[in-house]
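Asker: quick one, fold the following:
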Amino acid sequence: MEDSKYKVLLVNGSPHVNGCVARAFDEVETTLHQCGVDTERINIGTKDIRGCIACNYCRTHGKCVFNDAVNETAPKLAEADGLIIGTPVYYAGSNGQLHSFMDRLFYSTSGAIDLNQKVGATVVSSRRAGSTSAFDDINHFFTIKSMPIVSSTYWNEVHGFSAEDVEKDLEGLQTMRNLGRNAAFLIKAIRAQKEKEGLPEQERTFYTNFHS
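Answerer: Next up, the predicted model:
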């Protein structure tokens, strides 16, 4: 593949680096590459990542007070056209470690990185159930930052207890390929419109808080 001018960052929150989420990502990445989009994968599932402590260090320093995978990822996110988050399902929700990562990544970069019109997508892996609530959980991050969410021909999920199980989920793998195609299309369409007319204006005047 020739050098691409488009790039998607994939973050795997599973502690199983070669598990179900990774197998789903393989399918997405292969399709993105076929569509001329470069990718970088980051595995955070075994890293020591704690939650936000609301210290607001990032407001004056432009980065999180905890110098870990969050600060390492931030500059990569700034350069990417899209972000795909992969999570296993824990008690019908996303991986707690991943959620802490997302809390701090999105909060600490609020004044430093413009996420407007960078595409976002969530990939979920579950053995049986709980996938749609975990899917919804991560998508909330995108919808508060003017990030268009990439959909597919089903919710972006695969099923199985192992990567070998996911191989049998033919519809799930098909969903991943269609997700890759849709992400590539949307990224290219947004880039073309941005070059033609610029990005849509984002008003930041009013904040509802009801404090006197």
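
Asker: next secondary structure element downstream of the worst-scoring helix or strand of the chain on mean pLDDT?
Answerer: Lowest on mean pLDDT, DSSP states H and E among the helices and strands of the chain sits helix 57-61, with a mean of 94. Per DSSP states H and E, the first helix or strand lying C-terminal to helix 57-61 is helix 69-79.

Asker: doesn't Arg41 belong to a strand?
Answerer: Yes. According to DSSP: H, G, I helix; E, B strand; the rest coil, Arg41 belongs to a strand.

Asker: didn't it look like it was pressed against Val8?
Answerer: No. The pair Arg41 / Val8 is not scored as a contact, 9.6 Å apart, by CB atoms under 8 Å. (Each C-beta comes from the backbone N, C-alpha and C, glycine too.)

Asker: who's more crowded, these two?
Answerer: Counted by other CB atoms under 10 Å, Arg41 and Val8 do not tie: Val8 has more neighbours, with 26 against 17.

Asker: Asn56: how many residues sit nearby?
Answerer: That count, for Asn56 with other CB under 10 Å as the rule, works out to 12.

Asker: got the phi and psi for it?
Answerer: Asn56 adopts backbone torsions of phi 60, psi 20, taken as degrees, to the nearest 10.

Asker: how much space between it and Arg23?
Answerer: Distance, Asn56 to Arg23, by CB to CB, to the nearest Å: 39 Å.

Asker: repeat that for Leu179.
Answerer: In terms of CB to CB, Leu179 sits 14 Å off from Arg23.

Asker: and the helices in the protein?
Answerer: 20-34, 57-61, 69-79, 96-108, 131-143, 163-168, 170-197 (DSSP state H).

Asker: elements contacting the longest one?
Answerer: Think helix 170-197. The contact analysis (3 or more CB pairs under 8 Å, 6 or more residues apart in numbering; DSSP states H and E) places helix 170-197 against helix 20-34, strand 82-88, strand 119-126, strand 157-159, helix 163-168.

Asker: tally of neighbours for Ala192?
Answerer: Ala192, neighbours per other CB under 10 Å, totals 10.
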